[in-house]
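Asks: fold the stuff below for me.
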Amino acid sequence: MLFRLVATSLKRFGSPALCVSHRYLCTSLACIPPVWGALVDMTLKPDFGPNDIDFPPLPDINNTDIRQQIFTHRSLYGRPTHLFEDHPDDLSPDNEKYEFLGDAVLGLSITRLLMELYPGLHVGPATKVRAMVVGNATLSEISLRYKLPSRLHLHAAQAVTLRASQNIQADVFESFVGGLFLDQGLDIVTKWLEKLFTPYSKAAYQIIRRQHGLSATPITPLLPRFHHLGGKPAACNGRQNGGVLDDVPTAPAGGHLSLFNQHVQKRNDRVEWKFSDRDEEESAKEQESAVIAKGRKVTPLWFAKVLVNGEDYGQGKGTTKQAAKSEAAKQGLHKLGVAIII
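Replies: As a prediction, the model looks like this:
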């Protein structure tokens, strides 16, 4: 996306944009390797099945005015580009705003698609994959397959040159995406783009994997410890792996201890912690079962009690002293009247 932004700036604003773009690239993105330019310009080889049978048809634009503006290049009217904005009664009829909108819709849709296809893919590699998918080389190829450049309304003297330009070919595709969004909404656009860009995304993913020294096809991951059911994470059964107790914290959670310490320090209260490996309120029989099995090891529970100015403010248990303190601190916060936002 960045390279398309720079290229568009140069095309529209000339050398001043070159200075700005060059300075931006050198200061903010100096770490980007030269291979990025090659990635963006690389031609992908998507698999749409035999004879491209799965290549989706171009959606129809229902609104006549939107359809007209999608294919109207700014060269047709030759309006000045140095103005800050158009008068409300005389808005520019060309497709640049549609292109601007389509670029954003396309970026959102591809990002969402990559997250669905490769949920474990890190942001760095995902950014490279997306850059290839939305690069000029890819978008211009798609644009030509749909014959979008041939539908452009251009200034007659520039028609041949502009239609042959890879930038213009990519621009009109983005303009179509923006126009379709205005005409029919995000759901329709997303469904079309998902069918269209899934093969491109898979092809780009394989290239980036090889670039990182990995095989083109990922190894099937092991079954995760936490499964997602209905969009919400569901923990494994607490009685698996030797009978792990669900209600026993294994680590401090939520920063309760830190927050508790802040409040008692503000009040200048005297805080005392007491620890034990058995709960004062549990019977001997219950105490025998108060262990957590971790593999073949048996770890006793720690019980913590916090006293504030000699008064019992909370108790907790955990597999470590710190975890037990965190639970006790959580009770202490309630007693102090501190609201805990989960």
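Asks: what stretches of the stretch 1-150 of the chain score poorly on pLDDT?
Replies: 1-41, 90 (pLDDT under 70).
Asks: A203 belongs to a helix, doesn't it?
Replies: Yes: the assignment for A203 by DSSP: H, G, I helix; E, B strand; the rest coil puts it in a helix.
Asks: buried stuff in stretch 110-127?
Replies: 110, 113-114, 117-118, 121, 125-127 (16 or more other Cβ atoms under 10 Å). (Each C-beta comes from the backbone N, C-alpha and C, glycine too.)
Asks: could you do stretch 91-106 as well?
Replies: 92, 94-99, 101-103, 105-106.
Asks: CA atoms only for it, dumped as CSV, please.
Replies: Below are the C-alpha coordinates for stretch 91-106, written out as CSV (Å, rounded to 0.1, in the frame of the first residue of the first chain):
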residue,chain,number,x,y,z
LEU,A,91,-17.9,18.2,-7.4
SER,A,92,-15.3,16.6,-9.6
PRO,A,93,-16.9,13.9,-11.8
ASP,A,94,-13.8,11.7,-12.1
ASN,A,95,-13.0,8.4,-10.3
GLU,A,96,-10.1,9.5,-8.0
LYS,A,97,-12.3,9.5,-4.8
TYR,A,98,-13.7,6.1,-5.7
GLU,A,99,-10.1,4.9,-6.1
PHE,A,100,-9.2,6.4,-2.8
LEU,A,101,-12.2,4.7,-1.1
GLY,A,102,-11.5,1.4,-3.0
ASP,A,103,-7.9,1.3,-1.8
ALA,A,104,-9.2,1.4,1.9
VAL,A,105,-11.9,-1.2,1.3
LEU,A,106,-9.4,-3.4,-0.5
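Asks: contacts made by it with the rest, please.
Replies: 1, 4, 66, 68-74, 76-77, 79, 86, 134, 171-179, 181-182, 186, 189, 193 (Cβ atoms under 8 Å, 6 or more residues apart in numbering).
Asks: which strands or helices does the helix or strand containing I188 pack on?
Replies: In this structure, I188 sits in helix 186-211 according to DSSP states H and E. Secondary-structure packing of helix 186-211 (3 or more Cβ pairs under 8 Å, 6 or more residues apart in numbering; DSSP states H and E): helix 35-41, helix 96-117, helix 123-133, helix 166-184.
Asks: can you check which of those helices gets nearest to K147?
Replies: Taking Cβ to Cβ, helix 166-184 is the member of the helices and strands packed on helix 186-211 nearest to K147, at 10.4 Å.
Asks: that closest one vs helix 186-211, what angle?
Replies: Inter-element angle recorded for helix 166-184 and helix 186-211: 140 degrees (by axes from the mean of the first three to the mean of the last three Cα atoms, to 10 degrees).
Asks: what's helix 166-184 packed up against?
Replies: helix 2-13, helix 64-70, helix 96-117, helix 136-145, helix 186-211.
Asks: hey, which of those helices is tucked in deepest?
Replies: helix 136-145 (a mean of 20; mean count of other Cβ atoms under 10 Å).
Asks: which strands and helices sit next to that helix?
Replies: Using 3+ Cβ pairs under 8 Å, 6+ apart: helix 136-145 touches helix 2-13, helix 35-41, helix 166-184.
Asks: again, only this time at 10 Å
Replies: helix 2-13, helix 35-41, helix 96-117, helix 123-133, helix 166-184, helix 186-211 (3 or more Cβ pairs under 10 Å, 6 or more residues apart in numbering; DSSP states H and E).
Asks: redo the buried residues of stretch 91-106 as TSV? Include distance to Q262.
Replies: Output for the buried residues of stretch 91-106, formatted as TSV (distance: Cβ to Cβ, whole Å):
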residue	distance to Q262
S92	57
D94	58
N95	57
E96	53
K97	51
Y98	53
E99	52
L101	47
G102	49
D103	46
V105	45
L106	47
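Asks: now distance to I61 too, for the helices and strands packed on helix 136-145, in CSV please.
Replies: Shown next, in CSV, are the helices and strands packed on helix 136-145 (distance: least, Cβ to Cβ, whole Å):
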stretch, distance to I61
helix 2-13, 23
helix 35-41, 28
helix 96-117, 11
helix 123-133, 23
helix 166-184, 5
helix 186-211, 11
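Asks: between the ones you listed, which gets nearest to S258?
Replies: helix 123-133 (28.7 Å).
Asks: for K330, see how far away Q262 is.
Replies: 14 Å (Cβ to Cβ, to the nearest Å).
Asks: what's the overlap in contacts for these two?
Replies: Both Q262 and K330 are in contact with V338, where contact means Cβ atoms under 10 Å, 6 or more residues apart in numbering.
Asks: which one of those two is surrounded by more residues?
Replies: K330 (21 against 11; other Cβ atoms under 10 Å).
Asks: which other helices and strands contact the helix or strand hosting that one?
Replies: Assessed by DSSP H and E, K330 sits inside helix 321-336. Packing contacts for helix 321-336, counted by 3+ Cβ pairs under 10 Å, 6+ apart, involve helix 256-266, strand 271-276, strand 302-308, strand 311-318.
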